[in-house]
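Undergrad: Using only what follows, build the 3D model:
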Amino acid sequence: MSCKRMSVSLLAALLFSAVLQAQPNQITVENAYVRGLPPSQRNTAAFFSVQNHRDQDIQIVAGVSDAAEDLEIHGHQHRNGMMSMQREDSITVPAGGEFVFAPGAYHLMLINLTRPLADGDRVQFTLKTDGGEIIAIDAPVVSVLKSAPSKSTSSSNMSSTEHTGMH
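TA: Numbers count the residues shown, from 1 in each chain. Coordinates of the predicted model:
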């Protein structure tokens, strides 16, 4: 092998190594989708998983979307034999771990939709970390009449809001 080819191979290996080393500092999002409901519904929910490839826990708060006036993180609680939803200020994604937003569990509420969301539309929204980082998510709208998308379909306080038919 020539010296020049060896240098190029070594440079490529170093760049690949740098990319692999950078990955532990990433936050990634998988399997994002927004539930598509009848056009008369003013609210809907988004579901996805967040992976924290860092060596420290991160806190995530809801962000913004042009598809809704407000985004809120909601969780479910069992109280006196009844299931209720409660707004959460933030969630923690453990170091080296994952946090899943799923139907019947934690989810991101899109409140007061600014437009009807039809099956197949795309919704962009952001989340924010306690360190001020913005996580941009582009998610397909999937009709409530269909099953949730499979893996890798997407990029990355009490509430008085009604959630009927979303979970």
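Undergrad: burial measure for Ala139, as a count.
TA: For Ala139, the neighbour count with other C-beta atoms under 10 Å is 26. C-beta here means a position set from N, CA and C on the backbone, and glycine is covered the same way.
Undergrad: ah, wrong one, I meant Glu88
TA: Neighbours of Glu88 under the rule other C-beta under 10 Å: 15.
Undergrad: Am I right that it is in contact with Ile73?
TA: Yes: look at Glu88 against Ile73 with C-beta atoms under 8 Å: they come within range, at 4.6 Å.
Undergrad: what residues are shared contacts of those two?
TA: Both Glu88 and Ile73 are in contact with Tyr106, where contact means C-beta atoms under 8 Å, 6 or more residues apart in numbering.
Undergrad: what helix or strand is the nearest residue to Ile111 once chain neighbours are set aside on?
TA: With C-beta to C-beta, 6 or more residues apart in numbering as the criterion, Ile111 has its nearest non-adjacent residue at 4.3 Å, and that residue is Asp70. Assigned by DSSP states H and E, Asp70 belongs to strand 68-79.
Undergrad: Give me the buried stretch members for that strand, please.
TA: The neighbour-count check on strand 68-79 (16 or more other C-beta atoms under 10 Å) flags 68, 71-74 as buried.
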